[in-house]
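*Asks:* Show me how the following folds:
(chains A and B)
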Amino acid sequence: GAVVSQHPSWVICKSGTSVKIECRSLDFQATTMFWYRQFPKQSLMLMATSNEGSKATYEQGVEKDKFLINHASLTLSTLTVTSAHPEDSSFYICSAPTQGAGDTQYFGPGTRLTVL
Amino acid sequence: AQSVAQPEDQVNVAEGNPLTVKCTYSVSGNPYLFWYVQYPNRGLQFLLKYITGDNLVKGSYGFEAEFNKSQTSFHLKKPSALVSDSALYFCAVIRGSSNTGKLIFGQGTTLQVKP
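*Replies:* Numbers count the residues shown, from 1 in each chain, chains lettered A, B, ... in the order given. As a prediction, the model looks like this:
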(Lines give C-alpha, C1' and ligand atoms only; values in the text may rest on other atoms or scores of the structure.)
Protein backbone atom coordinates (compact mmCIF):
# COMPACT_ATOMS: atom_id res chain seq x y z
CA GLY A 1 0.00 0.00 0.00
CA ALA A 2 0.86 3.66 -0.22
CA VAL A 3 2.86 5.29 2.56
CA VAL A 4 1.99 8.45 4.42
CA SER A 5 4.33 9.84 7.05
CA GLN A 6 3.83 12.39 9.80
CA HIS A 7 6.32 14.43 11.74
CA PRO A 8 6.73 14.72 14.62
CA SER A 9 5.26 11.56 16.10
CA TRP A 10 4.80 13.32 19.40
CA VAL A 11 5.28 16.85 20.71
CA ILE A 12 4.95 18.56 24.06
CA CYS A 13 4.60 22.32 24.15
CA LYS A 14 3.67 25.13 26.50
CA SER A 15 0.36 26.97 26.36
CA GLY A 16 0.42 29.86 23.95
CA THR A 17 2.99 28.42 21.58
CA SER A 18 2.36 27.20 18.05
CA VAL A 19 3.07 23.70 16.79
CA LYS A 20 3.47 22.57 13.19
CA ILE A 21 2.69 19.01 12.12
CA GLU A 22 3.78 17.73 8.71
CA CYS A 23 2.04 15.12 6.61
CA ARG A 24 3.85 13.66 3.61
CA SER A 25 2.84 11.20 0.94
CA LEU A 26 6.07 9.29 0.32
CA ASP A 27 5.40 7.32 -2.85
CA PHE A 28 2.51 9.10 -4.51
CA GLN A 29 1.21 12.57 -5.15
CA ALA A 30 -1.82 13.84 -3.30
CA THR A 31 -3.79 16.86 -4.43
CA THR A 32 -6.05 16.29 -1.45
CA MET A 33 -5.19 15.39 2.11
CA PHE A 34 -7.38 15.16 5.18
CA TRP A 35 -6.71 16.10 8.79
CA TYR A 36 -8.42 14.31 11.66
CA ARG A 37 -8.44 14.59 15.40
CA GLN A 38 -8.95 11.61 17.67
CA PHE A 39 -9.65 11.56 21.39
CA PRO A 40 -8.77 8.48 23.45
CA LYS A 41 -10.80 5.42 22.52
CA GLN A 42 -12.99 7.47 20.21
CA SER A 43 -13.52 7.69 16.50
CA LEU A 44 -11.81 10.10 14.13
CA MET A 45 -13.24 13.57 13.72
CA LEU A 46 -12.58 15.17 10.35
CA MET A 47 -11.18 18.65 10.86
CA ALA A 48 -10.45 19.84 7.34
CA THR A 49 -9.68 18.96 3.76
CA SER A 50 -6.32 20.20 2.56
CA ASN A 51 -6.21 21.13 -1.13
CA GLU A 52 -2.99 21.62 -3.06
CA GLY A 53 -2.95 25.04 -4.61
CA SER A 54 -6.03 26.37 -2.86
CA LYS A 55 -7.46 27.06 0.56
CA ALA A 56 -8.35 24.30 2.95
CA THR A 57 -11.97 23.44 3.59
CA TYR A 58 -12.84 23.28 7.26
CA GLU A 59 -15.58 21.24 8.88
CA GLN A 60 -18.25 22.99 10.86
CA GLY A 61 -17.06 24.00 14.29
CA VAL A 62 -13.35 23.90 13.47
CA GLU A 63 -11.63 27.25 13.85
CA LYS A 64 -9.61 27.92 10.74
CA ASP A 65 -7.56 30.65 12.41
CA LYS A 66 -6.66 28.20 15.16
CA PHE A 67 -5.76 25.28 12.91
CA LEU A 68 -3.85 26.62 9.93
CA ILE A 69 -3.47 24.26 7.00
CA ASN A 70 -1.08 24.71 4.12
CA HIS A 71 -0.81 22.25 1.23
CA ALA A 72 2.60 23.36 0.05
CA SER A 73 3.17 20.73 -2.62
CA LEU A 74 1.70 17.54 -4.05
CA THR A 75 3.39 15.56 -1.29
CA LEU A 76 3.20 17.83 1.75
CA SER A 77 0.47 19.29 3.90
CA THR A 78 1.06 21.01 7.23
CA LEU A 79 -1.24 21.64 10.16
CA THR A 80 -0.24 24.42 12.54
CA VAL A 81 -1.97 24.61 15.88
CA THR A 82 -1.68 28.27 16.83
CA SER A 83 -1.64 29.54 20.39
CA ALA A 84 -2.11 26.06 21.69
CA HIS A 85 -4.05 25.39 24.87
CA PRO A 86 -4.40 22.22 26.95
CA GLU A 87 -7.76 21.46 25.34
CA ASP A 88 -5.93 21.16 22.00
CA SER A 89 -4.09 18.13 23.34
CA SER A 90 -5.06 15.24 21.14
CA PHE A 91 -3.95 12.71 18.55
CA TYR A 92 -3.83 14.29 15.10
CA ILE A 93 -3.89 12.05 12.04
CA CYS A 94 -3.63 12.89 8.36
CA SER A 95 -4.67 10.84 5.36
CA ALA A 96 -4.36 11.01 1.60
CA PRO A 97 -6.17 9.19 -1.22
CA THR A 98 -3.83 7.70 -3.77
CA GLN A 99 -5.63 8.74 -6.89
CA GLY A 100 -8.60 10.94 -6.30
CA ALA A 101 -10.95 12.14 -3.62
CA GLY A 102 -12.99 8.94 -3.75
CA ASP A 103 -10.16 6.45 -3.68
CA THR A 104 -8.69 4.52 -0.76
CA GLN A 105 -7.22 6.82 1.86
CA TYR A 106 -3.93 5.94 3.48
CA PHE A 107 -3.26 7.26 6.93
CA GLY A 108 -0.21 8.66 8.60
CA PRO A 109 0.96 7.22 11.93
CA GLY A 110 -0.42 10.16 13.85
CA THR A 111 1.02 12.91 16.04
CA ARG A 112 0.40 13.02 19.77
CA LEU A 113 0.19 16.65 20.90
CA THR A 114 0.34 17.48 24.59
CA VAL A 115 -0.06 21.10 25.63
CA LEU A 116 1.05 21.92 29.16
CA ALA B 1 -27.72 12.16 6.59
CA GLN B 2 -24.96 9.68 5.99
CA SER B 3 -23.87 7.57 8.92
CA VAL B 4 -22.08 4.41 9.92
CA ALA B 5 -22.92 2.35 12.97
CA GLN B 6 -20.80 -0.22 14.72
CA PRO B 7 -23.21 -1.60 17.31
CA GLU B 8 -20.60 -3.30 19.49
CA ASP B 9 -18.06 -1.34 21.50
CA GLN B 10 -16.08 -4.51 22.09
CA VAL B 11 -15.95 -8.00 20.69
CA ASN B 12 -14.26 -10.80 22.60
CA VAL B 13 -13.23 -14.01 20.90
CA ALA B 14 -10.93 -16.90 21.67
CA GLU B 15 -7.88 -17.46 19.49
CA GLY B 16 -8.65 -19.82 16.65
CA ASN B 17 -12.35 -19.05 16.64
CA PRO B 18 -14.08 -17.11 13.87
CA LEU B 19 -14.68 -13.43 14.45
CA THR B 20 -17.24 -10.95 13.19
CA VAL B 21 -17.21 -7.18 13.66
CA LYS B 22 -20.49 -5.62 12.63
CA CYS B 23 -21.10 -2.50 10.57
CA THR B 24 -24.23 -0.99 9.12
CA TYR B 25 -24.46 2.14 7.04
CA SER B 26 -26.91 4.73 5.86
CA VAL B 27 -26.05 6.64 2.71
CA SER B 28 -27.88 7.92 -0.31
CA GLY B 29 -26.69 6.44 -3.54
CA ASN B 30 -24.08 3.73 -3.91
CA PRO B 31 -21.69 3.40 -0.99
CA TYR B 32 -17.95 2.92 -1.03
CA LEU B 33 -17.22 0.94 2.15
CA PHE B 34 -13.94 0.53 3.98
CA TRP B 35 -12.48 -1.26 6.98
CA TYR B 36 -9.47 0.06 8.83
CA VAL B 37 -7.57 -1.25 11.86
CA GLN B 38 -5.78 0.86 14.45
CA TYR B 39 -3.17 -0.34 16.90
CA PRO B 40 -2.46 1.72 20.04
CA ASN B 41 -0.93 5.14 19.32
CA ARG B 42 -0.78 4.42 15.61
CA GLY B 43 -2.55 5.62 12.51
CA LEU B 44 -5.12 3.57 10.66
CA GLN B 45 -4.18 0.69 8.42
CA PHE B 46 -6.33 -0.12 5.41
CA LEU B 47 -7.79 -3.65 5.45
CA LEU B 48 -10.24 -3.81 2.58
CA LYS B 49 -12.88 -1.96 0.60
CA TYR B 50 -16.04 -2.53 -1.38
CA ILE B 51 -16.70 -0.37 -4.40
CA THR B 52 -18.64 -2.58 -6.77
CA GLY B 53 -18.74 -6.15 -8.00
CA ASP B 54 -18.52 -9.30 -5.87
CA ASN B 55 -20.24 -8.83 -2.53
CA LEU B 56 -17.52 -10.79 -0.70
CA VAL B 57 -14.35 -8.77 -0.45
CA LYS B 58 -11.05 -10.24 0.68
CA GLY B 59 -8.44 -8.05 2.29
CA SER B 60 -5.23 -7.99 4.26
CA TYR B 61 -4.25 -10.42 7.05
CA GLY B 62 -6.95 -12.93 6.19
CA PHE B 63 -9.86 -10.57 6.76
CA GLU B 64 -12.90 -10.44 4.55
CA ALA B 65 -16.17 -8.55 4.50
CA GLU B 66 -19.53 -9.11 2.93
CA PHE B 67 -21.55 -6.31 1.42
CA ASN B 68 -25.28 -6.82 1.94
CA LYS B 69 -27.30 -4.16 0.21
CA SER B 70 -30.69 -5.23 1.52
CA GLN B 71 -29.46 -5.13 5.12
CA THR B 72 -27.16 -2.16 4.48
CA SER B 73 -24.39 -4.01 6.24
CA PHE B 74 -20.70 -4.61 5.70
CA HIS B 75 -19.56 -6.97 8.45
CA LEU B 76 -15.89 -7.78 8.86
CA LYS B 77 -15.00 -11.43 9.31
CA LYS B 78 -12.06 -13.74 9.79
CA PRO B 79 -12.26 -17.54 9.96
CA SER B 80 -9.64 -17.96 12.67
CA ALA B 81 -8.70 -15.14 15.02
CA LEU B 82 -5.15 -14.45 16.20
CA VAL B 83 -4.10 -12.72 19.41
CA SER B 84 -2.30 -10.19 17.21
CA ASP B 85 -5.66 -9.22 15.67
CA SER B 86 -6.52 -7.48 18.94
CA ALA B 87 -6.96 -3.82 18.00
CA LEU B 88 -9.52 -1.10 17.29
CA TYR B 89 -11.48 -1.56 14.07
CA PHE B 90 -13.25 1.16 12.12
CA CYS B 91 -15.83 0.88 9.39
CA ALA B 92 -16.14 3.87 7.07
CA VAL B 93 -18.19 4.95 4.08
CA ILE B 94 -18.01 7.44 1.23
CA ARG B 95 -21.05 8.17 -0.89
CA GLY B 96 -20.27 6.75 -4.31
CA SER B 97 -21.11 9.88 -6.21
CA SER B 98 -19.28 12.13 -3.79
CA ASN B 99 -16.23 13.89 -5.12
CA THR B 100 -15.15 15.19 -1.74
CA GLY B 101 -13.65 11.92 -0.59
CA LYS B 102 -14.76 12.52 2.98
CA LEU B 103 -14.83 9.34 4.98
CA ILE B 104 -17.56 8.91 7.55
CA PHE B 105 -16.39 6.65 10.35
CA GLY B 106 -18.22 4.41 12.72
CA GLN B 107 -17.44 4.76 16.39
CA GLY B 108 -15.03 1.85 16.36
CA THR B 109 -15.07 -1.65 17.81
CA THR B 110 -12.34 -3.00 20.05
CA LEU B 111 -11.51 -6.58 19.21
CA GLN B 112 -10.00 -8.61 22.01
CA VAL B 113 -8.64 -12.03 21.08
CA LYS B 114 -7.69 -14.16 24.06
CA PRO B 115 -5.23 -17.05 23.96
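
*Asks:* these two touch, right, B:Gln107 and B:Gln6?
*Replies:* Yes. Counting by C-beta atoms under 8 Å, B:Gln107 touches B:Gln6, with 5.6 Å between them. (Each C-beta comes from the backbone N, C-alpha and C, glycine too.)

*Asks:* what's across from the spatially most central residue of chain A in the sheet?
*Replies:* Centroid-nearest residue in chain A: A:Trp35, 3.6 Å away (criterion: C-alpha atoms, centre = their mean). Partner residues in beta bridges with A:Trp35: A:Ala48, A:Cys94, with DSSP bridges as the criterion.

*Asks:* ok, now B:Thr20?
*Replies:* Beta-bridge pairing of B:Thr20, defined through DSSP bridges, involves B:Lys77.

*Asks:* re earlier: neighbour count for B:Gln107 and B:Gln6, which is higher?
*Replies:* Legend: neighbour count by other C-beta atoms under 10 Å in any protein chain shown for B:Gln107 and B:Gln6, higher for B:Gln6 (21 against 15).

*Asks:* Contact residues of chain A facing chain B?
*Replies:* Counting by C-beta under 8 Å from any C-beta of the partner chain, the residues of chain A close to chain B are A:1, A:4, A:6, A:32, A:34, A:41-44, A:46, A:49, A:91, A:93, A:95, A:97, A:100-110, A:112.

*Asks:* What subset of those is buried?
*Replies:* Buried members of those, counted by 16 or more other C-beta atoms under 10 Å in any protein chain shown: A:4, A:6, A:32, A:34, A:43-44, A:46, A:49, A:91, A:93, A:95, A:97, A:101-110.

*Asks:* and the residue in chain B positioned nearest to chain A, helix, strand or coil?
*Replies:* Going by C-beta to the nearest C-beta, chain A is nearest to B:Gly101 of chain B, at 3.0 Å. Three-state assignment for B:Gly101 (DSSP: H, G, I helix; E, B strand; the rest coil): coil.

*Asks:* how about B:Ser84, secondary structure?
*Replies:* Using three-state DSSP, the structure places B:Ser84 in helix.

*Asks:* Tell me the pLDDT of it.
*Replies:* Listed pLDDT for B:Ser84 reads 95.

*Asks:* for B:Asn99, same thing?
*Replies:* On pLDDT, B:Asn99 comes in at 65.

*Asks:* likewise A:Ala72?
*Replies:* The score at A:Ala72 is 87. That number is its pLDDT.

*Asks:* What ranges does the chain have for its strands?
*Replies:* In the absence of a named chain, this looks at chain A. For chain A, applying DSSP state E gives strands covering A:4-7, A:10-13, A:19-25, A:32-38, A:44-51, A:57-58, A:67-73, A:76-81, A:90-97, A:105-107, A:111-115.

*Asks:* wrong one, chain B
*Replies:* B:3-5, B:10-14, B:19-21, B:24-26, B:31-38, B:44-50, B:56-58, B:64-68, B:73-78, B:87-95, B:104-105, B:109-114.
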